[in-house]
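Trainee: quick one, structure for this:
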Amino acid sequence: MKRFCYKCGKVESEDNPLIGGLCQECLSSRPLLALPELRVVICPRCGMARVGGTWLGTELEEGVRGLMLSRLKVAKFTGNSWEFVPLEQVKGVEVEIGVEREKSSLRVTVSLKGRLDKNQVVPLQQQVVTEIPLERHICRVCKLKAGGYYEAILQVRGGDISRIREVVESEAMQASAEDARVFITKVEEVEGGVNFYLSSIALARKLGRILKQRFGAELSESAKLVGQVAGRRRYRVSVLARLKSA
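Mentor: Just a heads-up that it's a prediction; the model follows:
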């Protein structure tokens, strides 16, 4: 019994097999890619970008490319109907994604090439282009920095202040690169030493340990109750590092 393409009516033949009820020509004109909707927000102060709940850092184009690749879907004939499924469920196709940053948007080009079925004669090629607007909002970390937020104070007394500042600021910068939520809010030089106001208690303790290891600092710690959040007591910690004077 002869079968016909349900879209154009062509009769199935050896060099024009039907795939999912479509001839080779109609198959090539069918939408084969379903792109996810991505909302991209960029902080105008630090340049950090967020897609949904995922922070991409400043590598926006590469991050969007990876998210698009992991979330896009490809057409697949399953049972008696076509459906869009994750890329990893479709064999025989290759997908390439290009991301170009423009002034107020990202231009994303997704190209598909390959065979959706073993009977397919000519490999399919299809390209979809979409524009993703770039929204601009100040991120939470920048808001905290602007508001002078800190959870701990590292108080350094004695030693070579310029050298101490160099070490502490370098270590804090490295920690911030790994986790943007930890940072130095303010540095205050006082008589006999320097105070570092820090966004993280854990960072203050870590920096104190580094000063102990490198300079033999003697450490002590105190805490002050500053309020309650969601029924839990909130403390501000002071880590005191005493070094021998140069």
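Trainee: alpha carbons only for contacts and neighbour counts from here, please
Mentor: Noted.
Trainee: the domain parsing of this structure - what is it?
Mentor: For the chain, automatic domain parsing gives the domain ranges 31-136, 140-242.
Trainee: where do the helices sit along the chain?
Mentor: 24-29, 60-71, 140-146, 161-178, 201-215 (DSSP state H).
Trainee: can you flag the weakest of those helices by average pLDDT?
Mentor: With a mean of 84, helix 24-29 has the lowest mean pLDDT of the helices of the chain.
Trainee: so what does it touch, helix or strand wise?
Mentor: Here helix 24-29 touches strand 124-136, going by 3 or more Cα pairs under 8 Å, 6 or more residues apart in numbering; DSSP states H and E.
Trainee: okay, now the sheet partners of the strand it packs on, with direction.
Mentor: Strand pairing for strand 124-136, using DSSP bridges, gives strand 40-42 (parallel), strand 105-114 (antiparallel).
Trainee: give the buried residues for it.
Mentor: 124-126, 131-134 (16 or more other Cα atoms under 10 Å).
Trainee: likewise for stretch 30-42?
Mentor: Buried residues in stretch 30-42 (16+ other Cα under 10 Å): 32-33, 35, 38, 40-42.
Trainee: ends of stretch 90-104, how far apart?
Mentor: Using Cα to Cα, to the nearest Å, the end-to-end distance of stretch 90-104 comes to 34 Å.
Trainee: nearest residue to the middle of this protein?
Mentor: With distances taken as Cα atoms, centre = their mean, L56 lies nearest the centre of the chain, 2.4 Å away.
Trainee: report the contact partners of that one.
Mentor: Shown in contact with L56 (Cα atoms under 8 Å, 6 or more residues apart in numbering): 48-50, 63.
Trainee: quick one: least confident helix or strand in the protein?
Mentor: Taking mean pLDDT, DSSP states H and E as the measure, the helix or strand of the chain with the lowest value is strand 54-57, at a mean of 71.
Trainee: fine by me, we can end here.
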